[in-house]
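Engineer: Got a sequence here, can you build the structure:
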Amino acid sequence: MCKFFHISLKISLFVSIRKTGERFFGIGNGVSPRDILVSLGMKLRILFANKFFHPGDGSETVSFQSIENLQRMGHEVIPFSMKHPSNLSTPYSKYFVTEVNYHDQNGSFVSKLKIATSLIYSWEAKKKMERLLKDHPPHIAHLHNIYDQFSPSILPILKKRGIPVVMTLHDFKLACPNYTFLRGNSVCEDCEGKRFYQAVKHRCIHNSLVFSTLGAVEMYLHKWWGVYTKSVDLFIALSQFTKNKMIEYGIPEEKIVVLPNCIDLSSNCPTAQTEDYILFLGRLSEKNGVLILAKAMERLPQIKLVIAGEGELKEKLLEIKRIKKLNNIHLTGFLKGNKLKELVNGAKFTVFPAICYHNCPMALLESLAFAKPVIASNLGSIPEFVEDGVDGLLFEPGNPLDLTEKIKYLYQKPLLVKKMGIAGRKKIENGFSSETYYPQLLNIYQNLLEGGKSEDSLDHYLSN
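Structural biologist: From the prediction side, this is the model:
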């Protein structure tokens, strides 16, 4: 850990003494390395924009982990988000935009119209961002989920001030109006070739004609405007699959790099003790395939399944459990912290039966970090993280019979489970740890602050 912080200080120092005065501070040329060093105080000021600032799904988990680790390394992180009663406390909350709930079907026509227009362009987000940048100018901006509640209205402001912008792609929103490439129970790419009217035809957003039309119009306008490709300096894809897919849908190849999520190894340590159950970890949603998993468990009454999470399908799962008398299925609700770690540590293995594309599911990384093999769908980026026969098993997406066979097979092979678990932990240690992630992230920041020049890489500094 000490080496980790030592590396961070070297990176900060290296970035500080570069001749980047104009891009750092919005002032003219001629700023000396000494002036930059004094102004920075050997640390970066990073703007983190994410529409949620309270614990939630994977993208929020990743965002908060990044904020915490960067702050621990001595960097200053400035959050920009949306107001919400569950938000964590921060002195920057006065710059947050008003809460907008696109799932709320109630309200007056005027309020609905206001929500609809903010989807395309949020004047409030623009003004709040201008005020934040004036009061607390950052050296670099790192965007996460900014769609809908912020809109891309904040991007030209950052571009105008010469602030380098990096954006992590947690989903497929820049290619698909409903974020997921999912229609019904299967993958859909009908919008390829900018045919976003297909979203209206199939009512892809909340099964609503109004929301689907708004989503399609939003996509057409933003593509025509080119605001993302013009204003974002670099996109971070969480998998090679995501990178390839986003290139197919129009993001220039030179503007996108792959940097998967990471795991803090020190707080995710496996134990030798396991109990007699398998585990699903994640949101109870259609895209995560929990109904497919329930069908598979009908044929495995002797195997206990624990489902940890909340979501829109919870009541349906409880109804299926009651009607079909699936006493082998147990729902715990949303868990976090030590309770969640204890649950993962006690499982024989985990199951991830997704029916649509994913980027870099934290549920997979967390399972492997705890030395738990994963039975997962052979779909999208998942095979990049779960190697069939090595640290888990892959099954045909949406096929409960194949899933049943894979669960039954692995459940009966305790020595194989142990072997796969060891391989999974080693994979995380070698390629998905915080110690490997943050030097790469800071290297990305450095290159952007240098205007994309990479001739003086950080290889020397990261190796010492």
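Engineer: Which neighbouring elements make contact with the helix or strand hosting K126?
Structural biologist: Under the criterion of DSSP states H and E, K126 resides in helix 123-135. For helix 123-135, the helices and strands in contact under the criterion 3 or more Cβ pairs under 8 Å, 6 or more residues apart in numbering; DSSP states H and E are strand 76-80, helix 155-160. Any C-beta I mention is one placed from the backbone N, CA and C, and that applies to glycine too.
Engineer: Can you say which of the ones you listed is packed in most?
Structural biologist: strand 76-80 (a mean of 21; mean count of other Cβ atoms under 10 Å).
Engineer: That one vs helix 123-135, what angle?
Structural biologist: Our comparison of strand 76-80 with helix 123-135, counting by axes from the mean of the first three to the mean of the last three Cα atoms, to 10 degrees, yields an angle of 160 degrees.
Engineer: Please save the CA atoms from strand 76-80 in PDB.
Structural biologist: In PDB, the C-alpha atoms belonging to strand 76-80 read as follows (Å, rounded to 0.1, in the frame of the first residue of the first chain):
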ATOM      1  CA  GLU A  76      -9.000  16.800  -4.600                       C
ATOM      2  CA  VAL A  77     -12.200  15.500  -6.100                       C
ATOM      3  CA  ILE A  78     -15.100  17.900  -6.800                       C
ATOM      4  CA  PRO A  79     -18.500  16.100  -7.200                       C
ATOM      5  CA  PHE A  80     -21.200  17.400  -9.600                       C
END
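Engineer: follow-up on the earlier one: need the CA coordinates for the helix holding K126. PDB is fine.
Structural biologist: The C-alpha atoms that make up helix 123-135 are tabulated as PDB, following Å, rounded to 0.1, in the frame of the first residue of the first chain:
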ATOM      1  CA  TRP A 123     -30.200  25.000 -18.800                       C
ATOM      2  CA  GLU A 124     -30.000  24.500 -15.100                       C
ATOM      3  CA  ALA A 125     -27.100  22.000 -15.400                       C
ATOM      4  CA  LYS A 126     -25.300  24.400 -17.700                       C
ATOM      5  CA  LYS A 127     -25.700  27.300 -15.200                       C
ATOM      6  CA  LYS A 128     -24.800  25.300 -12.200                       C
ATOM      7  CA  MET A 129     -21.700  23.900 -14.000                       C
ATOM      8  CA  GLU A 130     -20.600  27.500 -15.000                       C
ATOM      9  CA  ARG A 131     -20.900  28.600 -11.400                       C
ATOM     10  CA  LEU A 132     -19.000  25.500 -10.100                       C
ATOM     11  CA  LEU A 133     -16.200  26.000 -12.600                       C
ATOM     12  CA  LYS A 134     -15.900  29.700 -11.700                       C
ATOM     13  CA  ASP A 135     -15.700  29.000  -8.000                       C
END
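Engineer: Partner strands of the helix or strand that comes right after it and their direction?
Structural biologist: Following the chain from helix 123-135 toward its C-terminal end, the next helix or strand by DSSP H and E is strand 140-143. Note on strand 140-143: by DSSP bridges, its sheet partners are strand 45-49 (parallel), strand 165-169 (parallel).
Engineer: so can I have TSV of the helices and strands packed on helix 123-135 showing mean pLDDT?
Structural biologist: As requested, these are exported to TSV (pLDDT from 0 to 100):
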stretch	mean pLDDT
strand 76-80	94
helix 155-160	93
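Engineer: Same list, the strands paired with strand 140-143, but as TSV with mean neighbour count and distance to A308 please.
Structural biologist: As requested, those are arranged in TSV below (neighbours: other Cβ atoms under 10 Å; distance: least, Cβ to Cβ, whole Å):
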stretch	mean neighbour count	distance to A308
strand 45-49	22	27
strand 165-169	23	25
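Engineer: what's the span of stretch 78-94 from first residue to last?
Structural biologist: 12 Å (Cα to Cα, to the nearest Å).
Engineer: Name the surrounding residues that touch that stretch.
Structural biologist: Stretch 78-94 is touched from outside by 45-55, 64, 67, 95-100, 128-129, 132, 136, 138, 149-150, 154, with contacts defined as Cβ atoms under 8 Å, 6 or more residues apart in numbering.
Engineer: Report the buried members of those residues.
Structural biologist: Among these, those classed as buried by 16 or more other Cβ atoms under 10 Å are 45-53, 64, 67, 95-97, 100, 128-129, 132, 138, 149-150, 154.
Engineer: Report the separation between G226 and V166.
Structural biologist: Distance of G226 to V166, computed by Cβ to Cβ, to the nearest Å: 18 Å.
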